[in-house]
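>>> Generate coordinates for the sequence data below:
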Amino acid sequence: MLRSLGQRPVTGSDEDPRVEDPRVAELRTAVSRLRRELAALPSEFPDRAIAEDELAALAAMATGGRPETPRLRRSLLLIAGAIGSVSALARGLSDVREAVDLFGEPPR
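Numbers count the residues shown, from 1 in each chain. Down below sits the predicted model:
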């Protein structure tokens, strides 16, 4: 009916829980990509398990609806610290950071 009136539904609207927030979709995509890149990395590093655990937590938050910004940022910091200077993962980590940034600053 909206389309017949030339209007489009608003994405990410709180009114219809079936409409996915595009920020959540972006987060899910970035996290999935980094998880695949990390799994394909042949080398081991001391905090790999921490990175894997936090990526799993981010993936769970992205499937559970609208994630809490402070928790997203905490996970991002832990992942960045765990990955450290693994240059092969730099682009994937940057994509996850950009997806987390879409959620803006937490209220103070």
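>>> Count the residues that sit near Ala60.
Other residues within reach of Ala60, judged by other Cβ atoms under 10 Å, total 11. For glycine as for every other residue, the C-beta is placed from the backbone atoms N, C-alpha and C.
>>> In contact with it, which residues?
Counting by Cβ atoms under 8 Å, 6 or more residues apart in numbering, Ala60 touches no other residue.
>>> which stretch of helix or strand covers Ala30?
Per DSSP states H and E, Ala30 falls inside helix 22-40.
>>> For that helix, give the mean pLDDT please.
The average pLDDT within helix 22-40 is 95.
>>> buried residues in the very next helix or strand once past that helix?
For helix 22-40, the following helix or strand on the C-terminal side (DSSP H and E) is helix 48-63. Neighbour-count burial for helix 48-63 flags 51, 54-55, 57-59, 61-62 (criterion: 16 or more other Cβ atoms under 10 Å).
>>> Stretch 67-84 now?
The neighbour-count check on stretch 67-84 (16+ other Cβ under 10 Å) flags 67, 69, 72-73, 75-76, 78-80, 82-83 as buried.
>>> if we can go back for a sec, just want the angle from the helix holding Ala30 to helix 48-63.
Note on geometry: by axes from the mean of the first three to the mean of the last three Cα atoms, to 10 degrees, helix 22-40 and helix 48-63 are set 150 degrees apart in direction.
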